[in-house]
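J.: when you get a sec, could you give me coordinates for this:
(chains A and B)
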Amino acid sequence: MRASRFFMPLLKETPKEAEIASHRLMLRAGMIRQQAAGIYSWLPLGLRVLNKVNAIIREEMNRAGANEILMPTLQSADLWRESGRYDAYGKEMLRIQDRHKRDLLYGPTNEEMVTDIFRSYVSSYKSLPLNLYHIQWKFRDEVRPRFGLMRGREFLMKDAYSFDLDEASARTAYHRMFVAYLRTFERLGLRAIPMRADTGPIGGDLSHEFIILADTGESEVFFHTDYNGLETPGENTDFDDADALAKTVADWSTPYAATDEIHDEAEWSRVPAAQQATGRGIEVGHIFYFGTKYSDAMGANVTGPDGKEHSVHMGSYGIGPSRVAAAAIEAGHDENGIIWPSAIAPFDLGIISMKPDDAAVAEAAEKLYRAALAGGQDPLLDDRDMRAGQKFAAMDLVGVPEQITVGPRGLEKGEVEVKKRGEGDKSTASLDETLNRLAAGAN
RNA sequence: CGGGGCGUGGCUUAGUCUGGUAAAGCGCUCGGUUUGGGACCGAGAGAUCGUAGGUUCGAAUCCUACCGCCCCGACCA
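T.: Down below sits the predicted model:
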């Protein structure tokens, strides 16, 4: 992408409504625009990040055997009356009527709808296990939206739903998602720790929140330093190997880890002081098993090997990609702007043409740009007629991981300057070698 | 929902207390000088001062109602 053609409205000053880093920087970098309280448009730069987050989530969900579908944002109230949640959900649910006075709602979640899809088509245990997921906008009419995307009213959510014959297989389904989440956050370049969470009326040990550590997180977290050394399951993970999955989950859920909401001082005190770590965290994922709550209410049954009807055991698994984008900024920024994990940076590298009206400089910058494209990278070429300082500031603000600067002085010596975002000073490199490196696809 | 605050060109704000016909910086347009980390000079465009009503000779300013946004609390992906 050429900066001269890219819609990226940067702000030099921070809009006054933004208090926290991610909100401030997303507005300043022209990633999002607020349209109403807790409701945002995604501008090109922000959408690039969001799409990269979604792509990684999607790959890992698919790897774990989940099927992507897409359910609508608007849902009929009738489904929710079946489960009893139409009355139980409260004011967070946005209720609307169409022209025929039919009751609809903007979905805050999709258990009812996915259960309806399941019961319409699946009737045998032989079709199980099944996991259906989608990435779709949700609306929850929060009393108090705040912190930009961190707590919006409309937000994107990847929500997956598992269906199994019994609790034992549902537990394996839960483990699959648990491991898929470990892989997902690792690939997103974020350090997420699974922490036990309140399981609600179902009880048991099958609910975890995935928490990203960031100084500006909403909740205080307590965890064992053992989490620092745990290895993330590789991409050759066998998602059909129930025992291996269970072992990984045990490794990742046995050491103490809890948010302030359910923190247990007595248990915490048994962790050796040298291995106690505390910090602040942002919840970016939440998984839980809820048994037959919806299948009972909505008649989602399958015939088992015993020839009898069984209510399916379900679980649901959420990640908020829009919140992940914000959390990544909370976890990675400095006074100059955003420092993205490279996996979700809006561009892989920035090429700054110091003097676009100097033919030699323009040509060298163009070559670098094409070499990067040929190498499979996604570069941003700043070819605008603008002072260099502004270009550098822009690259820092939007958090391009690597900057390559071409100017007349360096070019005389056949050199360019290279700087990594978030690291120290720039260094010089040979233009030719840089061209080769980019074309070869090395980052 | 309780408490607090704020709505003035695209952005950040001054002006409001003490009423007199809207100001500055940034951004934008044009011309010129510049150009190695957010340049400088000159000339411009751009505002029903959140909305409605009221008081007054006169309202951004005072009064009333409403709308919107932000922060703290309770609540939550």
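J.: kindly report the residues of the stretch 101-250 of chain A close to RNA strand B.
T.: For the stretch 101-250 of chain A, the contact set with RNA strand B under C-beta under 7 Å from any atom of the strand comprises A:140, A:142-147, A:150-153, A:155, A:157, A:209, A:218. Every C-beta, even on glycine, is put in place using the N, C-alpha and C of the backbone.
J.: hmm, which of those residues is lowest in pLDDT?
T.: Within those, A:E218 has the lowest pLDDT, namely 82.
J.: so what's it closest to, chain neighbours aside?
T.: Closest residue to A:E218 apart from its sequence neighbours, by C-beta to C-beta, 6 or more residues apart in numbering: A:I282 at 6.2 Å.
J.: pretty sure A:R119 belongs to a helix, no?
T.: Yes: per DSSP: H, G, I helix; E, B strand; the rest coil, A:R119 lies within a helix segment.
J.: helices of the stretch 301-443 of chain A, residue ranges please.
T.: A:321-331, A:359-374, A:388-398, A:408-412, A:431-440 (DSSP state H, counting those that start in this stretch).
J.: pick the most buried one from those.
T.: Among the helices of the stretch 301-443 of chain A, helix A:321-331 has the highest mean neighbour count (mean count of other C-beta atoms under 10 Å), at a mean of 27.
J.: mind checking which of the residues of the stretch 101-250 of chain A next to RNA strand B are buried?
T.: Neighbour counting by 16 or more other C-beta atoms under 10 Å classes A:140, A:145, A:147, A:150-153, A:155, A:157, A:209, A:218 among these as buried.
J.: buried residues in the helix or strand hosting A:G281?
T.: For A:G281, the element it lies in under DSSP states H and E is strand A:276-291. Using 16+ other C-beta under 10 Å as the test for burial, strand A:276-291 gives A:277, A:280-291.
J.: would the following helix or strand past that strand count as contacting RNA strand B?
T.: For strand A:276-291, the succeeding helix or strand toward the C-terminus, using DSSP H and E, is helix A:293-298. No: applying C-beta under 7 Å from any atom of the strand, one finds helix A:293-298 separated from RNA strand B by no less than 14.9 Å.
J.: tell me the mean pLDDT over helix A:293-298?
T.: Average pLDDT, helix A:293-298: 93.
J.: so A:G441 is in contact with A:G375, correct?
T.: Yes: using C-beta atoms under 8 Å, A:G441 is in contact with A:G375, at 3.9 Å.
J.: more neighbours: those two, which one.
T.: Legend: neighbour count by other C-beta atoms under 10 Å for A:G441 and A:G375, higher for A:G375 (19 against 12).
J.: mind listing what that one touches?
T.: A:G375 is in contact with A:438-442, counting by C-beta atoms under 8 Å, 6 or more residues apart in numbering.
J.: again with A:E60
T.: Contacts of A:E60 were listed using C-beta under 8 Å, 6+ apart, and they are A:180-181, A:183-184, A:187.
J.: mind running it again at 10 Å?
T.: Contacts here follow C-beta atoms under 10 Å, 6 or more residues apart in numbering; on that basis A:E60 touches A:66, A:158, A:177, A:179-188, A:235, A:237, A:319.
J.: out of these, which are buried?
T.: Using 16+ other C-beta under 10 Å as the burial test, these include A:66, A:158, A:177, A:179-188, A:237, A:319 as buried.
J.: of all residues in the stretch 151-300 of chain A, which one is closest to RNA strand B?
T.: For the stretch 151-300 of chain A, the residue closest to RNA strand B is A:F155, as judged by C-beta to the nearest atom of the strand, at 3.7 Å.
J.: please, which helix or strand holds that residue?
T.: Element membership for A:F155, per DSSP H and E: strand A:154-164.
J.: so what strands line up beside that strand?
T.: Taking DSSP bridges as the criterion, strand A:154-164 sits next to strand A:130-139 (antiparallel), strand A:313-319 (antiparallel) in its sheet.
J.: just name the most buried of these.
T.: The highest mean neighbour count among these, using mean count of other C-beta under 10 Å, belongs to strand A:313-319: a mean of 25.
J.: my read: A:N62 touches A:A180, true?
T.: Yes: contact status for A:N62 versus A:A180: in contact at 9.4 Å, counting by C-beta atoms under 10 Å.
J.: which residues does stretch A:233-250 contact?
T.: If you take C-beta under 10 Å, 6+ apart as the criterion, stretch A:233-250 is touched by A:59-60, A:63-66, A:129, A:168-169, A:171-180, A:182-183, A:186-187, A:194, A:206, A:208, A:230-232, A:251-252.
J.: list buried residues within those residues.
T.: A:60, A:63-64, A:66, A:129, A:169, A:171-180, A:182-183, A:186-187, A:194, A:206, A:208, A:232, A:252.
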